[in-house]
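J.: prediction below, plus the sequence it came from.
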Amino acid sequence: MYLSFAEQLRVLLKQRGMTIQGLSENMKITRQNLNQKINRNNFSEKDMKEIAEVMGLNYFVSLGGFNTNGLPMMFQNKSKTAVKEKKGDD
């Protein structure tokens, strides 16, 4: 199942007991601005990195899914290091 960044963000907010208002305040943008980004799923890479930083997570690009901690694949706890995928023989 593929989740958009906005859907993944909603999952994370719920898991962490955070609100859009609280996140927007930490990002120093208006709640309305963040709501528009979420509703349109319109985030720049800078936005995504800032959200990860504010939430205490690392940001990285993935093809989707959830990691073993139940976090969307775009995020990882800062205490963990990203695991590089091994390339198979072609």
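T.: Here it is on my side, so go on.
J.: with adjacent residues omitted, what lies nearest to residue 19?
T.: Among residues not flanking residue 19 along the chain, residue 13 sits closest, at 6.9 Å (CB to CB, 6 or more residues apart in numbering). Quick note: C-beta positions are derived from backbone N, CA and C, even for glycine.
J.: is it correct that that neighbour is in contact with residue 20?
T.: Yes. Here residue 13 reaches residue 20: they are 6.9 Å apart, a contact under CB atoms under 8 Å.
J.: can you list the residue ranges for strands in the chain?
T.: Under the criterion DSSP state E, the chain contains strands at 57-59, 75-77.
J.: would you single out the least confident of those strands?
T.: Lowest mean pLDDT within the strands of the chain: strand 75-77, at a mean of 62.
J.: tell me how many other residues surround residue 41.
T.: Neighbours of residue 41 under the rule other CB atoms under 10 Å: 11.
J.: for the protein, give me the ranges with low pLDDT.
T.: Within the chain, the ranges that satisfy pLDDT under 70 run 1, 62-90.
J.: contacts only, for residue 9.
T.: Contacts for residue 9 were tallied using CB atoms under 8 Å, 6 or more residues apart in numbering; they are 38, 51.
J.: try 6 Å
T.: Counting by CB atoms under 6 Å, 6 or more residues apart in numbering, residue 9 touches no other residue.
J.: distance of residue 7 from residue 13?
T.: To residue 13, residue 7 is 11 Å away according to CB to CB, to the nearest Å.
J.: those two - which one has more neighbours?
T.: Neighbours were counted for residue 7 and for residue 13 using other CB under 10 Å; residue 13 has more, 17 against 14.
J.: from residue 54, how far off is that one?
T.: Distance from residue 13 to residue 54, counting by CB to CB: 11 Å.
J.: next: residue 23.
T.: 6 Å.
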